[in-house]
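# Here is the input, now give the coordinates:
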Amino acid sequence: VRIVVSHARHLDAFLDELDRELDLLVNTPAEDIDTTLLVHPTLFPDFEVFNDFMNVVDDVVAEHGLEGEIQVANFHPQFLFEGEAVDDPSHFTNRAPYPTLHLLREDSVERAVASEGGDADKIVERNINTLRQLGTEGWAALLKP
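Below you'll find the predicted structure:
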């Protein structure tokens, strides 16, 4: 796992870093770098702006010709699933301390899904159910040092 903390001061510079990380990931053997977390602590304080930005990220992946090879998952401290109550613990499945783009190799995702019975939706459902069972207090207890 490669973790890159971006200090880009504007969106264009962050997109340049995304370009570099996509190129590095596809040109490096999976045994050396299987996945990359591109984190920016300050550029996206608003979740809605970050969520809208994911359309640009999808366009960048397509411009690189990496559709079907790389997928990008997003995480944000204020992540909210549409249609869920604001206090629903399910949101924590996509929360992180800072806005983060998780660059994943499709091959790795397929292997992970296959190891869990071949149904990605079941993995997501299991994670959400686990968080709902923990509840907000249980989740907070897990995060205590």
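# what about Pro77, is that helix, strand or coil?
coil (DSSP: H, G, I helix; E, B strand; the rest coil).
# can you start the count at 24 instead of 1 from here on
I'll keep to 24 as the first residue from here, and by that count the last item is Pro100.
# Thr123 is in contact with that one, correct?
No. Shown here, Pro100 and Thr123 do not form a contact pair, counting by CB atoms under 8 Å, at 9.5 Å. No exception for glycine: its C-beta is placed from N, CA and C like everyone else's.
# Settle it for me: which of those two has more neighbours?
Using other CB atoms under 10 Å as the criterion, Pro100 and Thr123 rank with Thr123 on top: 24 against 14.
# Give me the local confidence score for the more buried one.
Note for Thr123: predicted pLDDT of 97.
# What's the local residue count around the nearest residue to it once chain neighbours are set aside?
Nearest non-adjacent residue to Thr123, counting by CB to CB, 6 or more residues apart in numbering: Phe98, 4.3 Å away. Using other CB under 10 Å, Phe98 has 18 neighbouring residues.
# Ser113 too?
19.
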